[in-house]
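A.B. asks: with the input below, show me the fold.
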Amino acid sequence: MKQDILDVQRALRDSRRPYAVATVVETEGSVSAKTGSKAVIDESGRVVAGWVGGGCAESNTSEQALRCLESGETAVLDIDMNDEVLGAGMPCGGSMRVYVEPVPPAPTLWLVGHGRVAETLSRMAALAGLRVVVNDPQADAERYPDADRLITDDIDYEALQPTADDYVVIATQHKGDHDSMRRALAAGAGYIALIASRKRSNLVLDFLREQGFGEADLGRVYAPAGLDLGARTPEEIAVCVLSEIVLRRRGGTGRPMCAIPGEGKAEKTPRRQTAKKG
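C.D. replies: The predicted model follows:
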């Protein structure tokens, strides 16, 4: 049964699987696919929905999709079907250009604890494109309307299972901070932040050292959490924490834009690839 491209994308997104979308953006001469033709390609390089041409056109596009998924960058693929020897191996008499976009699963923000900072952070993180999971006995849909998942019965933090690409923010509850931090570290999360005073942060870090975590592990801990923006209100503190997450996720400098020489970062142009026989 033919699958709808949007349905397939939604299913892949919900299952947190990476995929790529290939779109034919230009054709010339005799080619089977039309401009606007799309295909969804999964993490194994298999076309799971849509069509951008068969044979070598599909295989070349799939190979490019895998490269895009690995690099995280978009690409424009030129497929030459005029030349059987140097082109895609299909003497169809035409050529096509395919735009390939990788779609990795959105990283998850694990929020442990409660309070206005956590509630505000949940909303802002969802707007920033993060999947939000709240782990707290008091969590409910009214406080966290944008959260993807609420965990309310996890006394031992067994459900706290972040990946290396996820973010963990612990809004201090004092009792339990040590255990949730230890759990997040052991799970391998790349960013673990504690919203707490410096004194409280140091106590937790000392505990983690006593538990055998080395400095390399503690390098993943950001305590106290957030950038120094001079925040005073819970909402402003949430901005500081999210700013630190964006900084880490996008690789920024944290400096004022006006202090950066030139016109800032140039917009990235998709890499252009030419399919070759092989």
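
A.B. asks: any low-confidence regions in this protein?
C.D. replies: Residue ranges of the chain with pLDDT under 70: 1-3, 83-93, 174, 263-278.

A.B. asks: 80 instead, please
C.D. replies: 1-3, 30, 54-55, 81-93, 172-175, 262-278 (pLDDT under 80).

A.B. asks: all helices of it, in order?
C.D. replies: For the chain, applying DSSP state H gives helices covering 5-14, 55-71, 116-127, 177-187, 198-210, 215-218, 234-250.

A.B. asks: and residue 103, which of those helices is closest to it?
C.D. replies: Proximity to residue 103 (CB to CB) singles out helix 5-14 among the helices of the chain, at 7.5 Å. Backbone N, C-alpha and C define where each C-beta goes, glycine included.

A.B. asks: show me what counts as buried in the closest one.
C.D. replies: Using 16 or more other CB atoms under 10 Å as the test for burial, helix 5-14 gives 5, 8-9, 12.

A.B. asks: which helices and strands does that helix pack with?
C.D. replies: Contacts defined by 3 or more CB pairs under 8 Å, 6 or more residues apart in numbering; DSSP states H and E place helix 5-14 against strand 19-29, strand 38-42, strand 47-50, strand 94-103.

A.B. asks: what do you get if the cut-off is 6 Å, keeping everything else the same?
C.D. replies: Contacts defined by 3 or more CB pairs under 6 Å, 6 or more residues apart in numbering; DSSP states H and E place helix 5-14 against strand 38-42, strand 47-50.

A.B. asks: which one of those strands lies nearest to residue 165?
C.D. replies: In terms of CB to CB, the element of the helices and strands packed on helix 5-14 nearest to residue 165 is strand 38-42, at 18.6 Å.

A.B. asks: contacts for the closest one next, please.
C.D. replies: 5, 8, 19-23, 47-52, 62, 65 (CB atoms under 6 Å, 6 or more residues apart in numbering).

A.B. asks: about what we covered before: which one of the helices of the chain lies closest to residue 100?
C.D. replies: Of all those, helix 55-71 comes closest under CB to CB, at 5.1 Å.

A.B. asks: tilt between the closest one and strand 38-42?
C.D. replies: 60 degrees (axes from the mean of the first three to the mean of the last three CA atoms, to 10 degrees).

A.B. asks: in helix 55-71, which residues are buried?
C.D. replies: Result for helix 55-71 [16+ other CB under 10 Å]: buried residues 56-69.

A.B. asks: before we move on, the earlier item: same list, the helices of the chain, but as CSV with distance to residue 43 please.
C.D. replies: Shown next, in CSV, are the helices of the chain (distance: least, CB to CB, whole Å):
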stretch, distance to residue 43
helix 5-14, 9
helix 55-71, 6
helix 116-127, 25
helix 177-187, 22
helix 198-210, 34
helix 215-218, 29
helix 234-250, 21
